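Q: Give me the fold of what follows.
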Amino acid sequence: MIIAIVRIALPGPKRPNDQVTTQSLEATKIFHKVPGLRRKYFLNGEAGGGGVYEFQSREAAQAWFNDGWADWMEGRFGVRPTLELWECPVVLDNEAGEAWADGEMVPTPWK
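A: Have a look, this model is predicted:
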């Protein structure tokens, strides 16, 4: 699994939550079709916006974050985003009480 962190440095104060919610829900029309994208978290903060993306594979992430991606984002937001790709070998899901390693559920170490 690959986690991508995108940061968009926006000027001014933190955007109002209702504005970000409306814009983010509209953007789900784009992101729900991205091959290999499992989840996307839309972020809002004092430093701007961004997203955390969970992809099935590095190949899927690289297909989305292609050569034209940063230009497309700059056209949408007026600033160039930054991108970090991270391998994610272990996931803890406290809501489900599960742990996953390399895409497989594993016995929970705390039980």
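Q: My impression was that residue 62 belongs to a helix - is that right?
A: Yes: assigned with DSSP: H, G, I helix; E, B strand; the rest coil, residue 62 falls within a helix.
Q: Where is the longest helix in this protein?
A: Criterion DSSP state H: the longest helix present in the chain is helix 17-31.
Q: in terms of contact count, name the helices or strands touching it.
A: strand 37-45 (3 or more CB pairs under 8 Å, 6 or more residues apart in numbering; DSSP states H and E). To be clear about C-beta, it is placed using only N, CA and C from the backbone, and glycine gets the same treatment.
Q: got a pLDDT number for the residue lying farthest from the centre of the chain?
A: With CA atoms, centre = their mean as the measure, the chain has its most outlying C-alpha, relative to the mean C-alpha position, at residue 111: 30.6 Å. As predicted, residue 111 sits at a pLDDT of 81.
Q: How about residue 12?
A: The predicted local confidence for residue 12 is 83.
Q: can you tell me how far it sits from residue 60?
A: Applying CB to CB, to the nearest Å, the value for residue 12 to residue 60 is 34 Å.
Q: More neighbours: which of these two?
A: Under the criterion of other CB atoms under 10 Å, the comparison of residue 12 against residue 60 puts residue 60 first, with 18 against 7.
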